[in-house]
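Novice: take this sequence and fold it.
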Amino acid sequence: MKYLHGKTAGLDRSWFGLGLLLLLISLSVRAHEAEESPRVLLTTVAEDEVEDSTALNVLKAVGWAALSAISLPIGSTIAIFWPPGQRVSSILLAFGSGSLLEALSIELFGHVLHATDDKR
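Specialist: Residues are numbered from 1 along each chain as shown. As a prediction, this is how the structure comes out:
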């Protein structure tokens, strides 16, 4: 419990507040862009172009998945040889929680924006 009442408690709150502020700014910018963007018309594409782009998109998705999956063992290996202190750990946890909150909010508000956009 000493950790919660020490010097780093204020640091955690300030990082969380910064993450929350960035979340609100990004959501307001996205909402503003959604209101101003013109409707995109769907066009037909040749089947060859669709197959090529699909294969390329699959390769891109596999690459991004491999990159995100390899970050856990790399981070674990670094932490074994260089254990982070309380300050670094608290900063990383605050950043991670803010990122997860932003991702969740974008998922939820994105659906709401599309639902209200369809009703107009």
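
Novice: buried sites along stretch 75-82?
Specialist: Of the residues in stretch 75-82, none is buried by neighbour count under the rule 16 or more other Cβ atoms under 10 Å. Where you see a C-beta, it was placed from the backbone N, CA and C, and this is true even at glycine.

Novice: now swap in stretch 86-98 and tell me
Specialist: 90-91, 94, 98.

Novice: could you chop this protein up by domain?
Specialist: 46-82, 84-120 (automatic domain parsing).

Novice: need the winner for burial among those domains.
Specialist: Ranked by mean neighbour count, these are led by domain 84-120 with a mean of 12 (mean count of other Cβ atoms under 10 Å).

Novice: re earlier: okay if I get the domains of the chain as TSV plus distance to residue 25 and mean pLDDT?
Specialist: Putting those into TSV (distance: least, Cβ to Cβ, whole Å; pLDDT from 0 to 100) gives the following:
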stretch	distance to residue 25	mean pLDDT
domain 46-82	25	83
domain 84-120	10	85
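
Novice: may I see these organised as JSON lines, with distance to residue 27 added?
Specialist: Formatted as JSON lines, the domains of the chain follow (distance: least, Cβ to Cβ, whole Å):
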{"stretch": "domain 46-82", "distance to residue 27": "23"}
{"stretch": "domain 84-120", "distance to residue 27": "6"}
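
Novice: so how far is residue 101 from residue 116?
Specialist: Per Cβ to Cβ, to the nearest Å, residue 116 is found 22 Å from residue 101.

Novice: can you tell me which of the buried residues of stretch 86-98 is nearest residue 28?
Specialist: residue 98 (16.4 Å; Cβ to Cβ).
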